[in-house]
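J.: here is the input, now give the coordinates:
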Amino acid sequence: MLLMVLCTAAALLGQAEVKGVVRDAQTGEPLSRVAVQLAEPSRQVITGAAGTFDLGGLADGEYDLKVSTVGYRLLQTHLTVESGEAKELSLALSPDTFRRTEHIEVRTDPFDAALDFTIGGNEIKNLSTVLADDPLRAVQSMPGVSSNDDFESRFSLHGAPYEQIGLYLDDILLHMPFHTVQGEGPSGSMTVFNGDMVDSMSLQSEAYDARFEDRTAGVLDVHTRDGSRSETSFRLTAGVADAGILAEGPLGKKHRGSWLASFRKSYLQYLLQQSADQPMAFGFMDSQVQFTYDLTPRNNVKLKLVDGTSDLDSSKLRDSLPLNTSMLAGYRFTLINLEWQYSPSPEFLLTSHAAFMRERYADTNVNQNTLGEGFYGEWVGKSDATWIWDPSATLGFGVSARRIRGQGSSEYYSDATAATLTDGYRGNLTLLGGYAQQSWSGLRKRLHLSAGVRWERMAGNGPATLSPQGSVAFLPNPSTKFQVSWGRYSQFPDVQDLDSIYVTTRLLPARSTHTVAAVEQRLGRLARLRVEAYQRVDRDLPFRPYEEARLAAGGQIIPDNFQAPITNSLSGRAKGVEIFLQKRTANRLTGWVSYSLGYSRQQDSVTGARFASDQDQRHTVNAYLGYRIRPSVNLSLKWTYGSGFPVPGYFQLEGGAYYLSSVLNGARLAPYQRTDVRINKSRTFDRWKITVYGEVVNLLNRPNYRFDSYNGYNPATGQAYLSFMNMFPILPSAGVMVEF
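T.: Numbering: from 1, shown residues only. Reported below is the predicted structural model:
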């Protein structure tokens, strides 16, 4: 008996132990509900609340360790243990949309220090919807954002249209980066760049940084990730509408760089073409390639390319299509961005870009006559520098130059051959700009000051603008922050407006003045409550008075004037209050709920009309919640409510019919409400991982409508004929991703 006890004790003393902690590679937060598994012998443990695990009783030898959970990339590592050894590991899991890495990039604060609202990782993936897998659909759930259109990636912000919001992709201001049908009325749009390549998206709604140019209402700053420098991997995806492949890996024997490439193509158009019930087909294809390489420890270069095409084919409706409706339509977007980063010291960073973007579209009718066509091309050169000249002070400055060329036209056919030019433009412009912004912190980091100025000018004899900005933040204690910010911004006319046949006077840049006051209370390290009040005052916005039919003061009808000139006659004021509660964690319940009360009114100085803006919505609620139920199952919910946008035009609703009115935007759409539920289920195999996505869009089958078109009026009665489109009913969808 004693001999058996001694032998057992000796065996136990000779056994090895592997234990450690699993953390999120982005935040460093310990991850619970993670499966840590040995392949041979087959053993598995689940990490606890502190992210820890313990695999004891191992014989000496070699082991393959796999670490996995839903929403994160599979981690595999090889271990060698010896008898009696206690090996401790610190393992980093990368979110599905984050580059594969073995290191933890600890972000001490899960939230942004400024007024930005930033999302990344699994938040982007879960909010992009399985049906579209579009990163801008995730933005539509952010506080202050309104998007009451199931078919559109574009959105409005605090009563301002998308055209006043700057969409930056890796520091380059984009023009129209969408799969869409140009030259048509309300259609639809989907982002060209791949959401699986996006690292983070930050939305700045008021008083944003001076480094952002040529927009007056807000900025969406999107940054893509680099490829993995550790190993080559592949990802295959397939959904209801499209399929794609993404690959990445290191460059060079010493792994001084990386590459990343994706390709995506829709197949829904082929299914629709075979269906007699769906005679109209829309398809798209896009690709994205990125290279990054360290020339020296202080010099890094990146080359990024995005290209996408989309087309509409309604040829099955040929016999019933009106002359002025597109039968065939095509659109193409291309972006090339070369970036160089130079850091001679840890305190100084210089980033320079040389970029080119191009857009082309063409629409033809049933007789293959051109209804509309256009071209947009832009060359961009810019440099930005950041200098930390004191531990408490940072100076940012930069210059930019943009050369833009555009041309386009649209035709109206009264019969098969007689065409009338309804719009046309051809021109170019050069925009120059520069900025400087100084930030400083003191009082033991309880006081933060920022001041900046941006200068912009249209080359030649064009106008120049000077836009100052400033911000003050005070923290009476580490968990409470008060902030007041103010800024002026400018936006130059698009070449389509600047050189339009309807421009009779020189157009000025639009201007806006922002004021925002906010208070934020931290509820522990992972949660916050923020309340802010904002005001944006706009002036010199482009507008076409007298273009739309209306009723005069005496009741007589003023007909449509499609030749009305474009002027800078529009001014406006948007103001409101916004509140949101957010919790950000890699474990348990994560997400936010926000409520916005806003008013956006405008005035036309030519007619004297005062009216609600096209994007005026009193009440907006956006909510997102996510929860990892098990290591292989994640559940998320998105809920959106909007009290309704105006019906654009001079209309009033009487007895179920619309009539011309003397008030612009006086009628409103019904409230918009949509609930989406999504579940992600993953399973890990020997060398690969599969994730299945299931989603139900509009779970409650809420009827939602959007304004589609204005089709004229009856001169005798004043009745206006409007078309509205019913959007998504309850709609289940599914997708799959295979990673190896």
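J.: what's the mean pLDDT across stretch 327-339?
T.: Here stretch 327-339 scores 95 as its mean pLDDT.
J.: for stretch 228-247, that is, sorry about that
T.: Regarding stretch 228-247, the rounded mean pLDDT is 91.
J.: where does this structure dip in pLDDT?
T.: Counting by pLDDT under 70, the ranges of the chain that qualify are 1-14, 41, 99-115, 183-186, 271-280.
J.: could you pull out the helices for it?
T.: All helices of the chain, identified by DSSP state H, fall at 2-14, 122-127, 135-139, 268-273, 495-498.
J.: what's the burial count for Pro344?
T.: Burial of Pro344 is recorded as 10 neighbouring residues (other C-beta atoms under 10 Å). Where C-beta positions appear, they are placed from N, C-alpha and C, glycine not excepted.
J.: contacting residues for it?
T.: Pro344 makes contact with Arg298, according to C-beta atoms under 8 Å, 6 or more residues apart in numbering.
J.: can you pull the domain assignment for the protein?
T.: Listed domain ranges for the chain are 2-93, 117-739 (source: automatic domain parsing).
J.: and these, which is most packed in?
T.: domain 117-739 (a mean of 18; mean count of other C-beta atoms under 10 Å).
J.: endpoints of that one, how far apart?
T.: 30 Å (C-alpha to C-alpha, to the nearest Å).
J.: cool, stretch 340-359 as well?
T.: End-to-end distance of stretch 340-359: 25 Å, with C-alpha to C-alpha as the criterion.
J.: next one: Val677 from Leu699, what distance?
T.: 5 Å (C-beta to C-beta, to the nearest Å).
J.: what's the overlap in contacts for these two?
T.: Shared contacts of Val677 and Leu699 (C-beta under 8 Å, 6+ apart): none.
J.: I'd say Arg137 and Lys125 touch.
T.: No. Counting by C-beta atoms under 8 Å, Arg137 sits too far from Lys125 to count as a contact (10.9 Å).
J.: kindly list the longest strand within the protein.
T.: Ordering each strand of the chain by length in residues (DSSP state E) puts strand 419-442 first.
J.: that one packs against which elements?
T.: strand 393-413, strand 447-458, helix 495-498 (3 or more C-beta pairs under 8 Å, 6 or more residues apart in numbering; DSSP states H and E).
J.: chain center to the shortest one: distance?
T.: The one in question is helix 495-498. 26 Å (C-alpha atoms, centre = their mean, to the nearest Å).
J.: I'd like the distance between the residue nearest the centre of the chain and Phe193.
T.: The centre of the chain sits closest to Leu136, judged by C-alpha atoms, centre = their mean, with a distance of 3.4 Å. Plainly put, Leu136 is 9 Å away from Phe193 if you go by C-beta to C-beta.
J.: mind listing the residues bridging to the closest residue to Ser661 other than its chain neighbours?
T.: Leaving aside its chain neighbours, Ser661 sits nearest to Gln652 (4.0 Å; criterion: C-beta to C-beta, 6 or more residues apart in numbering). Taking DSSP bridges as the rule, Gln652 bridges to Tyr659.
J.: do the same with Leu625
T.: Taking DSSP bridges, one obtains Gly591, Leu637 as the residues bridged to Leu625.
J.: what does Ala517 give?
T.: Going by DSSP bridges, Ala517 forms beta bridges with Val484, Ala533.
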